[in-house]
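Asker: kindly generate the corresponding structure for this input.
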Amino acid sequence: MPSPIMRTASLATLALALCVTASPAHAALDPGTGSYAFQVTATLVVAAGFALAAWAPRLRALLARRRAAGREDAD
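Answerer: Reported below is the predicted structural model:
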């Protein structure tokens, strides 16, 4: 598994390559498109946070049961 530094460097290199080789767009974007994209992204992040908070106790309980079962099997 690559280190976080290597992963970040790879993503930065890819982003730079995509920016350098980008062709001109032959379309116009409405000025409100950026704010709409931000609104959708923010909504998804908040929804993911609520979903994670709702499922966290169940996930912890599941992992605790698996750890306990693993310890019993090892003995």
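Asker: can you tell me how far E72 is from L59?
Answerer: As judged by C-beta to C-beta, to the nearest Å, E72 and L59 stand 21 Å apart. For the C-beta atoms, the positions are set from N, CA and C on the backbone; glycine is no exception.
Asker: no, scratch that, I was asking about A48
Answerer: 14 Å.
Asker: where does the protein dip in pLDDT?
Answerer: By pLDDT under 70, the low-scoring segments of the chain are 1, 73-75.
Asker: quick one, longest helix in it?
Answerer: helix 33-74 (DSSP state H).
Asker: from the chain's centre, how far out does that one sit?
Answerer: Averaging C-alpha positions (C-alpha atoms, centre = their mean, to the nearest Å) puts helix 33-74 12 Å from its chain's average.
Asker: same question, stretch 57-75
Answerer: For stretch 57-75, the distance to the chain centre is 27 Å (C-alpha atoms, centre = their mean).
Asker: for the remainder of this discussion, apply numbering that starts at 31.
Answerer: OK, 31 is where the count begins now, so the last one is stretch 87-105.
Asker: output that stretch as CSV - backbone C-alpha positions only.
Answerer: The C-alpha trace of stretch 87-105 is given here as CSV (Å, rounded to 0.1, in the frame of the first residue of the first chain):
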residue,chain,number,x,y,z
PRO,A,87,-23.0,2.3,17.6
ARG,A,88,-24.1,-0.7,15.5
LEU,A,89,-20.8,-0.9,13.8
ARG,A,90,-18.9,-0.7,17.1
ALA,A,91,-21.1,-3.5,18.5
LEU,A,92,-20.5,-5.7,15.5
LEU,A,93,-16.7,-5.1,15.6
ALA,A,94,-16.7,-5.8,19.4
ARG,A,95,-18.5,-9.1,18.8
ARG,A,96,-16.1,-10.1,16.1
ARG,A,97,-13.1,-9.3,18.3
ALA,A,98,-14.6,-11.3,21.2
ALA,A,99,-15.2,-14.3,18.8
GLY,A,100,-11.7,-14.0,17.5
ARG,A,101,-10.2,-14.1,21.0
GLU,A,102,-12.3,-17.1,21.9
ASP,A,103,-11.1,-18.9,18.8
ALA,A,104,-7.5,-18.1,19.6
ASP,A,105,-7.7,-19.6,23.1
